[in-house]
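A.B. asks: Below are the sequence and a predicted model for it; my questions follow.
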Amino acid sequence: AQETFWLAFQKLHTYKALGSFPAWLHTLAWRLYLKQLPKAEMVTFDEDYMATGTDPASAVEADMAAEKLMRQLSLPERVVITLTYAAGMSHGEIVEITGLPLGTVKSHIRRGRNRLLAMTETAEVA
């Protein structure tokens, strides 16, 4: 996040106000993330975490459970789900940020949401 805001400060003069400022900022964050992706080390969690039947009562446990579920999605699904639900962005804004076609964005959202629902239902049954 700090690197994104530093980059935004440096590139603020390039903002043309053709789209929303949050979409421009998310585009910078997305491109910065893609540049650093090969270098990133993924945080790993216990694979049996969801199978333990632990009720994620605390915020930390809930965050860990959500991260584990999100890691089961493909990268494009994670991105569009995050931008849709966490950032509250419209499909058009997501298209602008990711460069994906609108139909692809909608498909990733639908497929990702369905996979998350299926995983949570499976975890509740176990």
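C.D. replies: That came through, no problem. Numbers count the residues shown, from 1 in each chain.
A.B. asks: contact partners of the lengthiest helix in the chain?
C.D. replies: For the chain, the helix with the greatest residue count under DSSP state H is helix 102-125. Helix 102-125 has contacts (C-beta atoms under 8 Å, 6 or more residues apart in numbering) with 50-51, 69-70, 72-74, 76-81, 84, 91-92, 94-95, 98, 100. Placement of C-beta: from N, CA and C, glycine included.
A.B. asks: at 7 Å what do you get?
C.D. replies: In this structure, residues lying in contact with helix 102-125 by C-beta atoms under 7 Å, 6 or more residues apart in numbering are 50, 69, 72-73, 76-77, 80-81, 84, 91, 94-95.
A.B. asks: Pull that helix out as CSV, backbone CA atoms only.
C.D. replies: Written as CSV, here are the backbone C-alpha positions of helix 102-125 (Å, rounded to 0.1, in the frame of the first residue of the first chain):
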residue,chain,number,x,y,z
LEU,A,102,-16.5,-7.0,-19.5
GLY,A,103,-17.8,-10.5,-20.1
THR,A,104,-14.6,-12.0,-18.6
VAL,A,105,-14.9,-9.8,-15.5
LYS,A,106,-18.5,-10.9,-15.0
SER,A,107,-17.6,-14.6,-15.5
HIS,A,108,-14.7,-14.4,-13.0
ILE,A,109,-17.0,-12.7,-10.4
ARG,A,110,-19.8,-15.3,-10.9
ARG,A,111,-17.3,-18.3,-10.9
GLY,A,112,-15.3,-17.0,-7.9
ARG,A,113,-18.5,-16.2,-5.9
ASN,A,114,-19.9,-19.7,-6.6
ARG,A,115,-16.6,-21.4,-5.7
LEU,A,116,-16.4,-19.4,-2.4
LEU,A,117,-20.0,-20.3,-1.6
ALA,A,118,-19.4,-24.0,-2.3
MET,A,119,-16.2,-24.0,-0.2
THR,A,120,-18.0,-22.3,2.8
GLU,A,121,-20.9,-24.8,2.5
THR,A,122,-18.5,-27.7,2.5
ALA,A,123,-16.7,-26.3,5.5
GLU,A,124,-20.0,-25.8,7.5
VAL,A,125,-20.9,-29.5,6.8
